[in-house]
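> All I have is the shape, not the residue letters:
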């Protein structure tokens, strides 16, 4: 059974700080990994999808990396802003039914 | 273009009742998946449909059922509701439900069971 783990469960940083969110996975044949943002009580907003052949993917202040050999992905957020406060989830599409397997998320709080 | 739309946004039911949740995928997307997210957890897979056929099913009881219509919209039905069914139900769509295609989620339906 494939698993996805996100540590820490919560993170609080001052505005302007650069930060890294971590995602670990057991799927050694991972094809890609998708990062999502979830605001309280809302659905998921897709941030980045990084293919296993790409190693890195960038969108604005966000940069995601994927290291298949170590079973890790990171989401780097540059110059954090209070509007970045949300829960960030990573997901592996390697479920046995072709489904996404999610971590529990990291709740990020950026203080003004 | 409209994203994935779900209705209703909130729903309150009592134990033993049944509920129908609805989802319209992004235009051009033929695959729809349903997920259940309880507070503090990541979403858990319930169903995936592609071209009106069930492609996958998660570890949920038979009280949960779904279908996809010719216009690719989908319904999730839950019978004999239990308190533990209280959750955010998320619908996701993708072009063909393939692994290399990103999934796009709606805002969900918040279901509360009293």
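Done, it's in. Just so we're clear, the structure is a prediction, and the values are computed from it rather than from any experiment.

> only C-alpha atoms for contact and neighbour calcs from this point on.
Noted.

> Can you give me every residue that contacts the residue of chain A found nearest chain B?
Closest residue of chain A to chain B, C-alpha to the nearest C-alpha: residue A:43 (3.8 Å). Residue A:43 makes contacts with B:90, B:105-108, as judged by C-alpha atoms under 8 Å, 6 or more residues apart in numbering or on different chains.

> Taking those together, which two end up most distant?
Farthest-apart pair in the contacts of residue A:43 is B:105 and B:108; separation 7.9 Å (C-alpha to C-alpha).

> Please say which of those two ends up with more neighbours.
residue B:108 (30 against 26; other C-alpha atoms under 10 Å in any protein chain shown).

> tell me, how many neighbours does the closest residue to that one other than its chain neighbours end up with?
Among residues not flanking residue B:108 along the chain, residue B:90 sits closest, at 4.4 Å (C-alpha to C-alpha, 6 or more residues apart in numbering or on different chains). Residue B:90 sits with 27 neighbouring residues when counted by other C-alpha under 10 Å.

> Up against chain A, what does chain B have?
B:40-45, B:48, B:55-58, B:90, B:97-100, B:102-108 (C-alpha under 8 Å from any C-alpha of the partner chain).

> Select from the residues you listed every entry located in helices.
Using DSSP state H, no member of the residues of chain B next to chain A sits in helices.

> nearest to residue A:92, of the contacts of residue A:43?
residue B:105 (15.2 Å).

> Grab the most central residue of chain B for me.
Residue closest to the average C-alpha location in chain B (C-alpha atoms, centre = their mean): residue B:34, at 3.1 Å.
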